[in-house]
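**Q** Dropping a prediction and its sequence here:
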Amino acid sequence: MFALTQYPHLKPDRNGWLLIEDICFKDIVEKFGTPVYVYSCKRIRENCITLRKIFDRKFKNRIFYSYKTNMNSKICKIIHENGIGAEVISDIELKQALNHVNPDMIVFDGPHKPLNIIREAVKYGVNLINADSLDELKLINRVAEEQGVIQKVGLTLNPDPDSKIGVFLDGEGLSVLEKYVEKLNHIKLAALHCHLKTQNFDLNTYTETITRMSEISNLIKAKTGCEIDVFDLGGGLPEAAVIGKKINNLADKIKEKLEKLALNCEIYFEPGRFIIGDAGVLLTKIVNIKKICNRLWIIVDAGSNIISPLSKANHRFTVANRLLDDYSKEYSIGGPLPASFDILNRNYCLPDKIAIGDYIGIINAGAYCEVFSIRFGDKTPLNILIDKSELTMI
Ligand SMILES: Cc1ncc(COP(=O)(O)O)c(C=O)c1O
């Protein structure tokens, strides 16, 4: 039997067919065809509320959903209705966020911020712009000066010297920063920002980042007088179903660290995968089964163009019409593209009996899947939202 305990919005019906909330997957594929993305509104809400409740109990924080994870407008709206802001990296994301939330709920990140978009962000007064280089501070200052305002900015810290991201604040960097801060009167440097990596299972790295930010903010204070009062820890949390109760440990560890270092700063988070990763299911049909040497292959109608390895998720595959069977036989799963790379997984345990016409449900396909879907040889799938037993195309 396929274990769904970590996924309260999913369960089998009497026949072993997948119910998403209370809708049978069969009703969805009959109405909309396959492949199709299906999102559970209930699960999106739960994930937002879990995160807010757990962090709010422990320390001052704000949460900004990382739009790049899945920027479907309806999904973003649900997330915002649950008190979460937006982390954006482009013109299109910024415009959409401005349609949904107050500018104070928006953080603007990214290694490339064209001047016209900085102008928009400053004009609307977004909460924070995280500069990816020291020179970007000059650009933001120029725009804020043109508009006669003072913009709150942060510095994105380089997560490791091999990465192209952020600012490497060594002695030389600090001296440049000192000079800039002296001259740039239209920015207020108030935040440090760092996004370590996605699917970050080592939760200690968050507290290590706080220690590092605390040291750097002391150096900045000594050099420039700027008071850093926001530590923006970026995203990187695993899916809610995967991290489970350990999210409480993370909150405890952060609280402890803040107390130990006597820090009174506000912690910002930019989660993507945690909020939407396990709230989306990709339903795809088995169109062929064949054996090559000793390997049994299932061919489905969604390939790596639809569910890309770029999502970096450990995808979980079910046979949506055989949830109650024993998952004891290994299959490799390929897509419909005429390319050897089009493989979704190898040697994955599925039921003994599988037939052409069965359906595979990939139950953690909410994050970085739809956004990385490309129309390669076919159309991209529809997106369906389940909310209170209603199906809406979104
Ligand atoms: C700056 C920044 N913040 C947040 C995120 C969201 O990360 P995740 O979906 O792993 O939480 C990303 C993802 O790449 C990012 O680059």
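**A** Thanks, I have it.
**Q** Show me where this protein has its helices.
**A** Counting by DSSP state H, the chain has these helices, from start to end: 25-32, 41-56, 73-81, 91-100, 115-124, 134-147, 171-183, 204-224, 240-243, 246-260, 273-276.
**Q** Neighbours of P309, how many?
**A** A total of 12 residues lie near P309 under the criterion other C-beta atoms under 10 Å. Quick note: C-beta positions are derived from backbone N, CA and C, even for glycine.
**Q** can you tell me how far it sits from the ligand?
**A** For P309, the distance to the ligand equals 15 Å [C-beta to the nearest ligand atom, to the nearest Å].
**Q** What of L219?
**A** Distance of L219 to the ligand, given as C-beta to the nearest ligand atom: 23 Å.
**Q** Give me the most central residue, this protein.
**A** With distances taken as C-alpha atoms, centre = their mean, the residue of the chain nearest its centroid is G272 (1.8 Å).
**Q** hang on, that residue packs against S66?
**A** Yes: between G272 and S66 there is a contact at 3.5 Å, judged by C-beta atoms under 8 Å.
**Q** Need the overlap of contacts for those two.
**A** Contact criterion C-beta atoms under 8 Å, 6 or more residues apart in numbering; residues shared by G272 and S66: G235.
**Q** ranking the helices of the chain by burial, who's on top?
**A** The highest mean neighbour count among these, using mean count of other C-beta atoms under 10 Å, belongs to helix 273-276: a mean of 30.
**Q** Mean confidence (pLDDT) on that one, please.
**A** On average, the pLDDT along helix 273-276 is 98.
**Q** so how far is it off the chain centroid?
**A** With C-alpha atoms, centre = their mean, to the nearest Å as the basis, helix 273-276 stands 5 Å off its chain's centre.
**Q** and that helix, does that touch the ligand?
**A** Yes: Helix 273-276 reaches the ligand (C-beta under 6 Å from any ligand atom) through R273, F274.
**Q** where are the low-confidence patches of this protein?
**A** Judged against pLDDT under 70, the chain has no low-scoring part.
**Q** So it: which segments form each domain?
**A** Taking automatic domain parsing as the reference, the chain has its domains at 10-41+277-393, 42-275.
**Q** now the closest residue to the ligand within the stretch 1-150 of the chain: how far from K353?
**A** Going by C-beta to the nearest ligand atom, the ligand is nearest to S66 of the stretch 1-150 of the chain, at 3.5 Å. Distance of S66 to K353, given as C-beta to C-beta, to the nearest Å: 41 Å.
**Q** Pick out whichever of these two has more residues nearby.
**A** Neighbours per residue, other C-beta under 10 Å: of S66 and K353, the larger number sits with S66, 28 against 11.
**Q** Next, the contact list for the more buried one, please.
**A** Contacts of S66 were listed using C-beta under 8 Å, 6+ apart, and they are E87, G235, E270, P271, G272.
**Q** Adding distance to the ligand as columns, could you present those in TSV?
**A** As requested, the contacts of S66 are exported to TSV (distance: C-beta to the nearest ligand atom, whole Å):
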residue	distance to the ligand
E87	5
G235	3
E270	4
P271	4
G272	3
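**Q** So which of those wins on neighbours?
**A** Neighbour counts for these, by other C-beta under 10 Å, peak at E87, which reaches 31 neighbours.
**Q** Next up, the contacts around that residue.
**A** E87 makes contacts with F64, Y65, S66, Y67, I106, V107, D109, G235, E270, as judged by C-beta under 8 Å, 6+ apart.
**Q** beta partners of the first one?
**A** The bridge-partner assignment for F64, based on DSSP bridges, gives G85.
**Q** From I333, how far out is it?
**A** From F64 over to I333 (counting by C-beta to C-beta), the distance is 35 Å.
**Q** higher neighbour count, these two?
**A** Neighbour count, other C-beta under 10 Å: between F64 and I333, F64 has more, with 28 against 23.
**Q** thinking again about what came up before, between the helices of the chain, which gets nearest to G361?
**A** G361 sits nearest to helix 25-32 of all the helices of the chain, at 6.3 Å, using C-beta to C-beta.
**Q** could you pull out the strands for the stretch 251-394 of the chain?
**A** 266-269, 280-292, 295-300, 317-319, 327-334, 343-351, 359-362, 382-387, 390-393 (DSSP state E, counting those that start in this stretch).
**Q** Identify all contacting residues around the shortest one.
**A** What that stands for is strand 317-319. Outside strand 317-319, the residues that touch it by C-beta under 8 Å, 6+ apart are 2, 18, 325, 333, 344-345, 348, 350-351, 354, 358-363.
**Q** With stretch 111-123 instead?
**A** Against stretch 111-123 from outside (C-beta under 8 Å, 6+ apart): 90-91, 94-95, 98, 106, 108, 129, 132, 136, 139-140, 143-144, 146-147, 149, 151, 164-165.
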